[in-house]
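J.: Structure for the following, please:
(chains A and B)
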Amino acid sequence: AQTVTQSQPEMSVQEAETVTLSCTYDTSESDYYLFWYKQPPSRQMILVIRQEAYKQQNATENRFSVNFQKAAKSFSLKISDSQLGDAAMYFCAYRSARSNSGYALNFGKGTSLLVTP
Amino acid sequence: GAVVSQHPSWVICKSGTSVKIECRSLDFQATTMFWYRQFPKQSLMLMATSNEGSKATYEQGVEKDKFLINHASLTLSTLTVTSAHPEDSSFYICSARVIGQANNEQFFGPGTRLTVL
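T.: Numbering: from 1, shown residues only, chains lettered A, B, ... in the order given. This next block holds a predicted model:
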């Protein structure tokens, strides 16, 4: 079974600064997807960014970018120009690309991000 | 983006009673829906995978007779917590997988907070 590890329970960043959230995973598969989800106090899960393992180029979505290191099984999230609205729990998630996997997401334990003015 | 609704958003029930939670995909069809449980300050844990027209697949440790899942149509899955006890109090989240999208993206409902007295 795949495991997803987020080693930072809490992180803090000042408004307008940059912060990087860490995620590592363990898998024997070569094809899979990785995600970062944001869960604000409302608890609605919001997709932040997605990375396909077969793509070498790191995904980018506006202020959010990832550093995907397939060999190291590392998938960190960088938030640039942090805003107060970025404060939330951030979950890293893995999903197999195999059709018989059910396509369920396997989540890390999460990192609570605090943004200070 | 695709919208997934859950009803009710919160429910309080007495110990020993049953509670039904609905998960609907409002503007798309979903062959597969997933049910997750999230305890306070913890991650999402997959409970079961629900496929339209067939029996749900439960994760290890999840009692299928206690958590009844029905996926009768391409837009509706229900989770019934039978004979609920205080330890079943949690936040229950569903997600739905979109048919036809190559990346098989999932969309999350807003969650249901269950409190068992």
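J.: ok, and does stretch B:33-49 reach over to chain A?
T.: Yes. Stretch B:33-49 lies within reach of chain A by Cβ under 8 Å from any Cβ of the partner chain, at B:34, B:38, B:42-46, B:49. Quick note: C-beta positions are derived from backbone N, CA and C, even for glycine.
J.: Just the residues you listed: which are in strands?
T.: With strands taken from DSSP state E, the overlap with the residues of stretch B:33-49 next to chain A comprises B:34, B:38, B:44-46, B:49.
J.: one step back: for PyMOL, what selects the buried ones among the residues of stretch B:33-49 next to chain A?
T.: Restricted to buried positions by 16 or more other Cβ atoms under 10 Å in any protein chain shown, the PyMOL selection for the residues of stretch B:33-49 next to chain A reads:
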select buried, chain B and resi 34+38+43+44+45+46+49
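J.: farthest pair in the residues of stretch B:33-49 next to chain A?
T.: Within these, B:42 and B:49 form the most distant pair, 20.2 Å apart (Cβ to Cβ).
J.: what sits against the residue of chain A at minimum distance from chain B?
T.: Using Cβ to the nearest Cβ, the closest approach of chain A to chain B is made by residue A:45 at 3.9 Å. By Cβ atoms under 8 Å, 6 or more residues apart in numbering or on different chains, residue A:45 lies in contact with A:37-39, A:91, B:44, B:93, B:95, B:108.
J.: For the residue nearest the centre of chain B, list each beta-bridge partner.
T.: The centre of chain B sits closest to residue B:35, judged by Cα atoms, centre = their mean, with a distance of 3.6 Å. With DSSP bridges as the criterion, residue B:35 is bridged to residue B:48, residue B:94.
J.: Let me see the ranges of the strands in the chain.
T.: I'll assume chain A. Using DSSP E, strands in chain A cover A:3-5, A:10-14, A:19-21, A:24-26, A:32-39, A:46-52, A:60-61, A:64-69, A:74-79, A:88-96, A:106-107, A:111-116.
J.: Wait, chain B was what I had in mind.
T.: Using DSSP E, the strands found in chain B span residues B:4-7, B:10-13, B:19-25, B:30-38, B:44-51, B:57-58, B:67-73, B:76-81, B:90-98, B:106-108, B:112-116.
J.: Check which residues of stretch B:81-93 are buried.
T.: Across stretch B:81-93, burial judged by 16+ other Cβ under 10 Å covers B:81, B:84, B:88-93.
J.: Need the strands of chain B in TSV (columns: distance to residue A:82 and mean pLDDT).
T.: Conversion of the strands of chain B to TSV gives the following (distance: least, Cβ to Cβ, whole Å; pLDDT from 0 to 100):
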stretch	distance to residue A:82	mean pLDDT
strand B:4-7	28	96
strand B:10-13	31	97
strand B:19-25	33	96
strand B:30-38	25	92
strand B:44-51	24	93
strand B:57-58	40	94
strand B:67-73	39	91
strand B:76-81	36	96
strand B:90-98	26	93
strand B:106-108	24	91
strand B:112-116	29	97
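J.: Pull the most distant pair out of the buried residues of stretch B:81-93.
T.: Greatest spacing in these, by Cβ to Cβ: B:84 and B:93 (17.3 Å).
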